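build me a structure from this.
(one chain, ligands or ions: 1)
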Amino acid sequence: MAASLAVAAPGLKVCGLTRAEDLRACAELGVDMVGLNFWPGSKRFLELDAGRRVLEQARGEHPAARFEPARVGVFVDAPLDAVAAHVEAWSLAAIQPHGDAPVEPYAALAQRLGVAWVWVIRGTPALERLRLPEPAPQLVLLDAAVPGYGGAGHRTDWDWAAQAVIALSPTPVWIAGGIHPGNVTEVLGQVRPAGVDLASGAELSGARQGEKDRAAIAALVRARDHARASLRGKPAD
Ligand SMILES: O=C(O)c1ccccc1N[C@@H]1O[C@H](COP(=O)(O)O)[C@@H](O)[C@H]1O
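Just a heads-up that it's a prediction; the model follows:
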């Protein structure tokens, strides 16, 4: 079966989860995807064995969960065998390679493993020269070009992003970078992405290791639901 990351638009991905209670909150509140950061350079890094315990703990505390957000692994220039090990250990639905290495080997690995992959475009390259890599990504993610590859709360150019959404159609294009409950409705309206992805904008103030704020996640889910309802021409429930 072909890998898929399909969710109703706009989707919501909360990235850089490090605690069982945050995984549980995302499942309970109806977040579409969660990102798990397997890059040791990130403050949101999840070491493989510690991460397994977090997942087991989240499941143990929430055994009746019928809904589980799709898990996306974030990697920075990671060796391919390490990526494959994480896909298996976490039953990842997708990999999100960042960094400076070419993406094609990761795309080919994702295809071999039968999982989706996310192509991250950092910054604002010329749209007329943009070509989807092969094998094609199931999702494109637009993010700001920042030192440390991501997760710094910096916005990308929303006018450029709105054009990229159109230029890359029909591939679903999501947006990341500096999104939070206070601007999520604006970015959804202005850019019309297939989804939004955020890390720092869903965190507790002073979070040191990616600790998320349940109230912020709930507000993001409400904004997503309003946007979905208005796309369908109906008020949100
Ligand atoms: O979050 C990180 O630490 C990180 C590290 C390396 C690569 C990507 C990372 N995060 C990605 O960046 C976006 C945007 O983050 P923010 O909302 O601006 O804080 C996040 O969604 C991740 O996909």
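
list, one by one, the residues from this protein near the ligand.
Within reach of the ligand by C-beta under 6 Å from any ligand atom, the chain has these residues: 15-16, 35, 37, 39, 42, 44, 74, 76, 98, 143, 149-153, 176-179, 197-201. All C-beta atoms are positioned from the backbone trio N, CA, C, and that covers glycine.

go ahead and build a PyMOL selection from the buried members of those residues.
Applying 16 or more other C-beta atoms under 10 Å to these leaves a buried subset, and the PyMOL line that selects it is:
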select buried, resi 15+16+35+37+39+42+44+74+76+98+143+149+150+151+153+176+177+178+179+197+198+199+200+201
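
just the residues of the chain next to the ligand: which are in strands?
Cross-referencing these against strands under DSSP state E gives 15, 35, 37, 74, 76, 98, 143, 176, 197-198.

got the contact list for the residue in the chain that the ligand sits nearest to?
Of all residues in the chain, residue 151 sits closest to the ligand, at 2.1 Å by C-beta to the nearest ligand atom. Contacts were defined as C-beta atoms under 8 Å, 6 or more residues apart in numbering; by that measure residue 151 touches 15-16, 37, 42-44, 199-200.

what's the closest of the residues you listed to residue 130?
Closest approach between the contacts of residue 151 and residue 130, by C-beta to C-beta: residue 15, at 23.0 Å.

ends of stretch 36-53, what's the gap?
Start-to-end span of stretch 36-53 (C-alpha to C-alpha, to the nearest Å) is 13 Å.

touching that stretch from outside, list them.
Here stretch 36-53 makes contact (C-beta under 8 Å, 6+ apart) with 15-18, 54, 71-76, 78, 82, 85-86, 89-90, 92, 98, 148-149, 151, 199, 208-210.

let's go with 7 Å and repeat that
Residues outside stretch 36-53 that contact it (C-beta atoms under 7 Å, 6 or more residues apart in numbering): 16-18, 54, 71, 73-76, 78, 86, 89-90, 148, 151, 199, 208-210.

now that stretch: mean pLDDT?
Average pLDDT, stretch 36-53: 89.

quick one: distance of it to the chain centre.
Its chain's C-alpha centre and that of stretch 36-53 lie 15 Å apart, by C-alpha atoms, centre = their mean, to the nearest Å.

can you check stretch 129-140 too?
16 Å.

may I see the buried residues of that stretch?
For stretch 129-140, the neighbour count (16+ other C-beta under 10 Å) marks 137-140 as buried.

the longest helix anywhere in the chain: which residues count as buried?
The helix that spans the most residues within the chain, counting by DSSP state H, is helix 214-232. For helix 214-232, a neighbour-count test (16+ other C-beta under 10 Å) marks 214, 216-221, 223-224, 227-228 as buried.
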